[in-house]
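# Everything below, folded, please.
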Amino acid sequence: MTLIARLRILLNDIDPQPMRHIEVPLKIRLDRLHEVVQAAMGWTDSHLYEFRAGGAGWGVPDPDGFYDGPMPAKKATLQKVLEDTGARTLQYVYDFGDDWDHSIRIERVSEASPGVTYPRLLKASGACPPEDVGGAPGYEAFLEALADPDHEQHDDMVSWSGASFDPKDARIDRIVERFDQLAKKWSPRLGKPKAPKPTP
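Numbers count the residues shown, from 1 in each chain. Predicted structure coming up:
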């Protein structure tokens with residue numbers, strides 16, 4: 001029996017606030033959950049990240065061991081973190097410069113639905129801010145400049161963001177496409193059939 005966790009992800013401190021309702025296997029490794037959050041929110045996975053719960057952190061450890069960083073995300077599962085910490089909400093921080101702070105709430109755990117592939121998107125609202133926009137304050141300034149044609153940075157922000165940025169558009173089609181790619185990447189590979197041995 002495969003158990004599925006329903007998660008509500010909120011990107012804190014920005015308005016309009018992006019929200020995603022998704023489902024993932026309860027036994028998903030945290031490095032894979034990171035990929036799911038990246039796909040769900042619309043980030044480009046070009047910065048470091050860390051999950052935090054119960055006073056502990058999981059992410060990409062320092063390869064040289066110079067500092068006590070997070071524990072390896074690829075060696076922990078969502079289920080194990082919940083069991084060990086008793087947490088129902090994880091903090092997920094992405095890009096330690098811009099400091100994007102997400103809350104991931106485990107809303108319920110249930111059996112997998114037959115014929116459904118995971119991760120699965122249930123609902124999405126609000127756009128992901130552009131990468132490297134300068135965190136919540138930079139995003140607010142970006143939206144102000146974008147909305148006001150007379151703003152001194154309006155033209156720069158339009159050309160920088162590609163002129164089509166809509167803070168309310170979650171780009172659901174893109175999320176579904178990226179989830180499908182992850183599901184295919186993680187599906188068990190069927191080995192090639194072995195050639196029969198020649199008879200003597």
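# Return the set of residues that bridge with residue 7.
residue 22, residue 106 (DSSP bridges).
# quick one: contacts for it?
20, 21, 22, 23, 24, 104, 105, 106, 107 (Cβ atoms under 8 Å, 6 or more residues apart in numbering). Any C-beta I mention is one placed from the backbone N, CA and C, and that applies to glycine too.
# By neighbours, which of those wins?
Comparing those by number of neighbours (other Cβ atoms under 10 Å), residue 20 comes first, having 27 neighbours.
# Centroid-nearest residue for this protein?
Centroid check for the chain by Cα atoms, centre = their mean gives residue 37 as the closest residue, at 1.0 Å.
# separation between it and residue 152?
Noted for residue 37: a distance of 35 Å to residue 152, by Cβ to Cβ, to the nearest Å.
# repeat for residue 127
24 Å.
# which of the two has more neighbours?
residue 127 (21 against 8).
# Would you mind giving the secondary structure of that one?
coil (DSSP: H, G, I helix; E, B strand; the rest coil).
# show me where the chain has helices.
Here the chain has its helices, by DSSP state H, at 30-41, 78-85, 135-147, 154-161, 172-186.
# just checking, what packs against the first one?
The helices and strands touching helix 30-41, judged by 3 or more Cβ pairs under 8 Å, 6 or more residues apart in numbering; DSSP states H and E, are strand 3-11, strand 19-25, strand 49-53, helix 78-85, strand 89-94, strand 100-111, helix 172-186.
# TSV for these, including mean pLDDT and distance to residue 32?
Putting the helices and strands packed on helix 30-41 into TSV (pLDDT from 0 to 100; distance: least, Cβ to Cβ, whole Å) gives the following:
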stretch	mean pLDDT	distance to residue 32
strand 3-11	98	13
strand 19-25	98	8
strand 49-53	97	12
helix 78-85	96	9
strand 89-94	98	13
strand 100-111	97	14
helix 172-186	96	7
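# How about the contacts made by the closest residue to residue 53 other than its chain neighbours?
Once flanking residues are discounted, residue 53 sits nearest to residue 87: 4.1 Å by Cβ to Cβ, 6 or more residues apart in numbering. Taking Cβ under 8 Å, 6+ apart, we find residue 87 in contact with 53, 54, 81.
# Now for the closest residue to residue 30 other than its chain neighbours, how many residues are close by?
Leaving aside its chain neighbours, residue 30 sits nearest to residue 73 (3.8 Å; criterion: Cβ to Cβ, 6+ apart). When neighbours are defined as other Cβ under 10 Å, residue 73 has 22 of them.
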